[in-house]
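> Here is a sequence with its predicted model. Questions after.
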Amino acid sequence: MTPVKMFLSCDNNEKVVEVPVIPDELPDIVQELENEEFTTQTETLTLLGNKKPRSFSLELFLPTKIYDFAKNTGVEVLNLLKYVADKKIPMRIVVTDGLNELLNIAVSISSFQYHFDTVENIHCSVNFKEYIFLTKPKPEDKEDVIVFNTVTAHIKNRSAAISGINADGYNLVRARDVLELLGINVGWNAEKKRITANGKLLDIHTRIYNGSAYCFVRDLAEETGVDIDYNANDKTIIMK
């Protein structure tokens, strides 16, 4: 099984952090319904209602030191929770297993508590509730709008324009453009529907638009080992 990853984000992916230690068990999702019961002279009847927002809890171990079993420290996770609570904004939780999304949900924080243990690592409990965005209804035959744009990539003393998109509120870049700038031979495995870099299958999530594969910058950075910073405001990425 591919290692499970958990990401927390807010502000339309402006702030993204990866949970350093995945809990032993993924959260139990509670789905309640607004059903009503009423009794007649002869029997009890149930009126089926709408679904309520889903809810779940997470128990997180957030190390403050570098450990072999942790991907990073957990201080940024706690800071993100505090930031979201202070700003009174929703956040998003994404759990992946390779290319499979196990969970992708916008949430609000109902409550969270944390404490430091004797070696100063953080133990945090968070209660979440699904956040429902208020959107205007759209005709059933109208497709989601994909906005194509251009992103400027900087590497060493070179700059180049690469293709980017905003899809469902997420910013992605054309994988081939970035990889070729890094001098990597790019291919496509049609059977597995995955990008290859110098013949190696990349374990990244892609979206196909107009025959091109687009992906998140953070995924490319992790797979290539290159430090890649993305600035959504001026649409630039800097590769080191």
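It's in.
> Just the residues contacting the helix or strand containing R207, thanks.
Secondary structure from DSSP states H and E places R207 in strand 206-209. By CB atoms under 8 Å, 6 or more residues apart in numbering, the residues outside strand 206-209 that reach it are 146, 148, 165, 167, 172, 175, 193-195, 213-215. The way it works is simple: take the backbone N, C-alpha and C, and place the C-beta from them, glycine included.
> Top of those by number of neighbours, please.
Using other CB atoms under 10 Å as the neighbour test, the contacts of strand 206-209 are led by A175, with 26 neighbours.
> which SS class is R92?
State at R92, reduced to three classes by DSSP: H, G, I helix; E, B strand; the rest coil: strand.
> 48 is where my numbering starts, stick with that
Got it, first residue is 48 now, which makes that one R139.
> dump the residue contacts of it.
55-57, 151-154.
> before we move on, what about T111?
Counting by CB under 8 Å, 6+ apart, T111 touches 120-122, 163, 167-169.
> again with N60
Neighbour list for N60: 216-218, 263, 279 [criterion: CB under 8 Å, 6+ apart].
> I'd guess it is in a helix, am I close?
No. Membership of N60 in a helix is not supported by three-state DSSP, which gives coil.
> Any figure for the gap between it and N278?
To N278, N60 is 12 Å away according to CB to CB, to the nearest Å.
> likewise Y256?
22 Å.
> Also L80?
Noted for L80: a distance of 43 Å to N278, by CB to CB.
> Am I right that N245 is in contact with N232?
Yes. Counting by CB atoms under 8 Å, N245 does reach N232; the two are 5.1 Å apart.
> who does the strand ranked longest in the chain pair up with?
If you go by DSSP state E, the chain has its longest strand at strand 147-163. Using DSSP bridges, the strands paired with strand 147-163 in its sheet are strand 138-144 (antiparallel), strand 169-177 (antiparallel).
> Give me the contact list for the next helix-or-strand element following the last one.
For strand 169-177, the succeeding helix or strand toward the C-terminus, using DSSP H and E, is strand 193-202. With CB under 8 Å, 6+ apart as the test, strand 193-202 has contacts from 206-214, 220, 224-225, 228-229, 256, 281-287.
> rerun at 10 Å
If you take CB atoms under 10 Å, 6 or more residues apart in numbering as the criterion, strand 193-202 is touched by 206-215, 218-221, 224-225, 228-230, 254, 256-257, 261, 264, 273, 275-279, 281-287.
> Buried only: go through those for me.
When the contacts of strand 193-202 are checked for burial by 16 or more other CB atoms under 10 Å, the buried set is 209-213, 218-221, 224-225, 228, 261, 264, 273, 275, 277, 279, 282, 284, 286.
> Which members of those residues are positioned in helices?
Those of these mapping onto helices are 224-225, 228, 264, per DSSP state H.
> which SS class is the spatially most distant residue from the centre of the chain?
Taking CA atoms, centre = their mean, the residue of the chain most remote from its mean C-alpha position is Q88, at 52.3 Å. State at Q88, reduced to three classes by three-state DSSP: coil.
> How confident was the prediction at it?
We have a pLDDT of 81 for Q88.
> can you pull up the bridge partners for the residue nearest the centre of the chain?
What sits nearest the mean C-alpha location of the chain, by CA atoms, centre = their mean, is V141, with 4.1 Å. Bridge pairing for V141 (DSSP bridges) gives the partners F54, N151.
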